[in-house]
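Asker: From the sequence below, what's the structure:
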Amino acid sequence: MAILVLINLNNLFSQNPDFFIGPNINLFHDYHKQEGHYLSSYFSGEGFTAGLGLDIVKKDRIKLRITLQFDHYQGKLDITNGGLSYYDKISGKANKSIISLSLYTFNFRILKKMYVNFGMVFSGLIDESFIGTHTKWSMNNPNTTDTLPGNKYSPKFNIGCQGRLAYDFELTNSIIISPQYMYYYGISNEFTKNLLDAKSMRHYFCIGFKKKFN
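Answerer: Numbering: from 1, shown residues only. Next up is the predicted model:
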């Protein structure tokens, strides 16, 4: 469906389709204060992304940028909570694969070469794995450590916002190479069970290849 939308828009306006690929760095995080018996630690992980983009141009101005991209990202976490009568700790490493549709509605073109874009990202989960342990103790009960299930810890859909900075280098009259940096900031939670409201923020370092038709 998203690909059909790209094709239809491609026929209505002048456009500059592109393909981009590169690594990403993900870090899960939360906003809980490190107080009392609660403590959370997050560690970044590396992944990769690849996608297709389309700049919808009207009268030499970018009205909308749409991208469809695949992401694989990962990260480690340690979350501890408890009190005088109980202790609970989850440690693990999460790997996720998603497909995302990005709609950049705020677009700026500087000196005809540099592009600044801001928009929303809507993601669907393709695959996940979670390798970790759950340690717990409570008064009058022994300390136990269980291996966590390998999946079913992530929601099916996520939403976030994303910014993009790119610069075009023309190789020929129709072929453009475009180094670009993107930053994703998750709005919805990345996990559904026992991991509170951890969210994701990701850095992307990509190279884009653009075919210029107009």
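
Asker: Glu170 reaches Ile176, doesn't it?
Answerer: Yes. Because the distance of 5.4 Å satisfies C-beta atoms under 8 Å, Glu170 is recorded as touching Ile176. Every C-beta, even on glycine, is put in place using the N, C-alpha and C of the backbone.

Asker: Show me what the helix or strand hosting His134 packs onto, helices and strands only.
Answerer: Counting by DSSP states H and E, the element that carries His134 is strand 114-138. Here strand 114-138 touches strand 61-82, strand 86-110, strand 144-147, strand 157-167, going by 3 or more C-beta pairs under 8 Å, 6 or more residues apart in numbering; DSSP states H and E.

Asker: between those, which gets nearest to Trp137?
Answerer: Between Trp137 and the helices and strands packed on strand 114-138, the shortest gap by C-beta to C-beta is with strand 86-110, which sits at 4.4 Å.

Asker: Give me the neighbour count for the residue lying closest to Tyr86 once chain neighbours are set aside.
Answerer: Setting aside the residues directly before and after it, Tyr86 is nearest to Ser138 in space (C-beta to C-beta, 6 or more residues apart in numbering), at 4.2 Å. Per other C-beta atoms under 10 Å, the neighbour tally for Ser138 reads 14.

Asker: what's near enough to touch Ser138?
Answerer: Shown in contact with Ser138 (C-beta atoms under 8 Å, 6 or more residues apart in numbering): Ser85, Tyr86, Tyr87.

Asker: Could you dump those residues into CSV with neighbour count added?
Answerer: Below are the contacts of Ser138 laid out as CSV (neighbours: other C-beta atoms under 10 Å):
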residue, neighbour count
Ser85, 9
Tyr86, 13
Tyr87, 16
